[in-house]
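K.L.:
need a 3D model of the sequence below.
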Amino acid sequence: MANGNQTEVYLSEQVIVLFSCALSFLGSSLIILTYIIWSDLRTTPRRLLVYLSVADWLSAVSYAFGVWRVFRSDSVDCVVQGAISTFANTSSFFWTVAIAVYLYIFIVRSSQRVADSLVLSFHFVSWGVPLAITIAAVCLNKIGYDASEVSVGWCWVRIHAPDRVLWMLLTGKIWEFLAYLTLPVFYILIKRHIHIAHAALSEYRPILANRPPSHSFSSMADMKLTLIPIIFIALRIWSTVRFILLLAGSPARQNPVLVTLHGIGNTLQGAANCTMFVLFTRPIRTRLCTALCCCCCAKRGAEVRRSHEAPHSLLPGQDASNQREEDSSSRVRTDR
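P.N.:
Modelled structure (predicted):
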């Protein structure tokens, strides 16, 4: 399974992880496109989601290149790929937490002005800190071949660096641990606030509380608030498990199932966000279905027009006089 201090990446693992990268690429692209196409969806929370999707898009592309190549040694493209994935992955952590902070201030503290004023700070932290860490890691020659010990073919922190654990923490793991702790706290507080407000509304306005549409939207929002931290942890935990096993020196980190789960978890975040915030969001889902139906109808109409025009078009080598003679002879045969 492993040659010395190297985890073998099998073809089946490559195919599965590349498919996961493709889903994340498409999901992140769809989030970005819906934001660009429909101007009324350009709210601040969805704009933050677009920034997160840009980071996930970069992660999917860089990870896909690494999984496709399965680096065996240090090289220029290994360092470039490792730097891009390090920046994008760390930025994704920051934007995920930033969205939770924004929603907490906007919903629980009921201060949209304060929440909106933090957007500039979110940019500075979520782009600036990962960029500074990545530049420092590259300049100090810390990014490179890691023998797939805590990756799936792609490059990250050099496995032979004496301070590799420190740089693994700085370039991802410490931010991952912090996200594990902060995301559940923020979303639990948001859910609790919404439930208290809904209970108060039900007490004073029981007619509105029992309306099916209101209950439906409330249930969907409640489900999303529950799923966001759960899905994040469920996807990222396998990377954390392999990191802990590496620290413990356990060969279990090279288990093919664990390696595959690690690859899927690190690359599927964009697809998960698309599922929750596009496919499970009724207004956007309805617009997408309408757009697809319009495209299908337009295509079908074009095919029908071409089929009606085809009998009247001239065949190659056939001139207009021959066409008129054939039309007149066909009319004679019809009259008979």
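K.L.:
okay, now Ala278: neighbour count?
P.N.:
Just so we're on the same page, residue 278 is Val rather than Ala. Under the neighbour criterion other CB atoms under 10 Å, Val278 is assigned a count of 20. From N, CA and C alone the C-beta is placed, and that goes for glycine too.
K.L.:
grab the nearest non-local neighbour of Ser29.
P.N.:
Spatial nearest neighbour of Ser29, chain neighbours left out: Trp57 (6.6 Å); criterion: CB to CB, 6 or more residues apart in numbering.
K.L.:
in the helix or strand harbouring the one you found, what's buried?
P.N.:
Counting by DSSP states H and E, the element that carries Trp57 is helix 44-69. In terms of neighbour count (16 or more other CB atoms under 10 Å), helix 44-69 has its buried residues at 46, 48-67, 69.
K.L.:
against which helices or strands is the helix or strand just after it packed?
P.N.:
As assigned by DSSP H and E, the chain's next helix or strand after helix 44-69 is helix 76-103. Using 3 or more CB pairs under 8 Å, 6 or more residues apart in numbering; DSSP states H and E, the elements in contact with helix 76-103 are helix 44-69, helix 119-123, helix 129-139, strand 143-144, strand 156-157, helix 174-204.
K.L.:
helices or strands up against the helix holding Trp57?
P.N.:
Using 3+ CB pairs under 8 Å, 6+ apart, helix 44-69 sits against helix 11-37, helix 76-103, helix 119-123, helix 256-267, helix 269-274.
K.L.:
next, the angle helix 256-267 makes with it.
P.N.:
140 degrees (axes from the mean of the first three to the mean of the last three CA atoms, to 10 degrees).
K.L.:
and of the helices and strands packed on helix 76-103, who's closest to Leu268?
P.N.:
The closest of the helices and strands packed on helix 76-103 to Leu268 is helix 44-69. By CB to CB, the value is 8.8 Å.
K.L.:
now the lengthiest helix in the chain against helix 11-37, angle please.
P.N.:
Ranked by number of residues, the top helix in the chain under DSSP state H is helix 212-248. Here helix 212-248 runs at 140 degrees with respect to helix 11-37, directions being taken by the same axes, to 10 degrees.
K.L.:
how about helix 212-248: buried residues?
P.N.:
So, applying 16+ other CB under 10 Å, buried residues of helix 212-248: 225, 227-229, 231-233, 235-236, 238-243, 245-246.
K.L.:
same question for that helix, mean pLDDT?
P.N.:
Averaging pLDDT along helix 212-248 yields 80.
K.L.:
which helices and strands sit right next to it?
P.N.:
Counting by 3+ CB pairs under 8 Å, 6+ apart, the packing neighbours recorded for helix 212-248 are helix 174-204, helix 256-267, helix 269-274.
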